[in-house]
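3D, please:
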Amino acid sequence: MTIYRKWGKRLVDVILILVGSPVIVIVVCCSALWVWGGSGVSPFFCSERIGSRGKKFRCWKIRTMRVDTPILSTDKLVSGESYLLRGGRLLRKWSLDELPQAYNILKGDMSLVGYRPALPSQTWINDQREQLGIHVDRPGLTGLAQVNGRDDLSDAQKIEYDTDYASRICLGRDLQIILRTFLVVVKNKGIHY
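Alright, predicted model coming up:
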């Protein structure tokens with residue numbers, strides 16, 4: 001295991017989140033007020049996810065879907081668009097709903113770059129990550145799969161990208177993925193709703 005993977009990655013995560021925190025806090029507060037004002041429900045949503053070494057943690061997001069939405073991955077959700085709150089599509093389109101995960105990164109549950117944390121019900125993905133040794137690292141806010149297709153990828157393709165990333169974790173690659181994430185979000189690529 002490289003020094004960057006063992007110690008440097010965590011340091012870079014904390015520094016970048018702290019540097020970006022003024023913007024993150026403003027955007028999260030504005031997004032939360034928009035959800036609350038438009039729907040009257042709690043603007044924050046927390047769900048159990050599988051993290052490093054299979055440890056479960058509470059992953060924070062801005063609510064974009066109704067309170068009665070089944071806890072499923074978006075590709076398994078039947079009529080997913082019908083569950084969207086007013087403004088939910090826009091928050092998801094620009095990935096603003098993911099910004100509260102900055103807290104998860106500071107807490108150490110997640111990293112800026114890695115595999116996306118899966119729901120406990122996504123057993124095939126979680127089993128594959130364990131068998132391939134991918135699960136030893138922290139899940140990420142973004143990752144190689146997110147910049148190469150997001151919702152357009154099958155679970156098997158996501159695992160391929162996760163395996164590729166885990167085989168070569170380094171600062172240069174992480175910075176490249178972060179930059180590519182901004183470009184993908186701006187172009188609204190790979191997001192279904």
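
How about residue 169: what's its closest non-neighbour residue?
residue 5 (4.8 Å; C-beta to C-beta, 6 or more residues apart in numbering). In short, each C-beta sits where N, CA and C put it, glycine included.

residues in contact with the one you found?
For residue 5, the contact set (C-beta atoms under 8 Å, 6 or more residues apart in numbering) comprises 137, 169, 170.

Only the buried subset of these, as a PyMOL command please.
Applying 16 or more other C-beta atoms under 10 Å to the contacts of residue 5, the buried members can be selected in PyMOL as follows:
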select buried, resi 137+169
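
who does the top helix by length along the chain touch, helix- and strand-wise?
The residue-count maximum for a helix in the chain (DSSP state H) belongs to helix 9-39. For helix 9-39, the packing partners by 3 or more C-beta pairs under 8 Å, 6 or more residues apart in numbering; DSSP states H and E come out as strand 56-62, helix 88-93, helix 101-107, strand 111-113, helix 171-187.

Could you check the angle that helix makes with strand 56-62?
Angle, helix 9-39 to strand 56-62, by axes from the mean of the first three to the mean of the last three C-alpha atoms, to 10 degrees: 50 degrees.

List the buried residues in helix 9-39.
If you call a residue buried by 16+ other C-beta under 10 Å, then helix 9-39 has these buried ones: 9, 12, 13, 16, 17, 24, 28, 31, 32, 34, 35, 39.

Tally up the residues packed near the closest residue to residue 137 other than its chain neighbours, please.
Excluding the flanking residues, the one nearest residue 137 by C-beta to C-beta, 6+ apart is residue 114, at 5.6 Å. For residue 114, the neighbour count with other C-beta atoms under 10 Å is 26.

Quick check, residue 114 in contact with residue 138.
Yes: Residue 114 lies in contact with residue 138 (C-beta atoms under 8 Å); the separation is 5.5 Å.

Go ahead and list the helix or strand containing the spatially most central residue of the chain.
By C-alpha atoms, centre = their mean, the chain has its centre lying nearest to residue 141, at 3.8 Å. Assigned by DSSP states H and E, residue 141 belongs to strand 140-142.

outside of the following helix or strand past that strand, which residues touch it?
Per DSSP H and E, the first helix or strand lying C-terminal to strand 140-142 is helix 155-167. By C-beta under 8 Å, 6+ apart, the list of residues contacting helix 155-167 from outside reads 113-116, 122, 124-125, 128-129, 132-134, 137, 143-145, 148-149, 153, 173, 177.

Can you say which of these are buried?
Buried members of the contacts of helix 155-167, counted by 16+ other C-beta under 10 Å: 113-116, 122, 125, 128-129, 134, 137, 143-145, 148-149, 153, 177.

helices and strands around the helix or strand bottoming out on mean pLDDT in the chain, which ones?
The helix or strand of the chain with the poorest confidence is helix 88-93; it has a mean of 88 (mean pLDDT, DSSP states H and E). On a contact count with 3+ C-beta pairs under 8 Å, 6+ apart, helix 88-93 meets helix 9-39.
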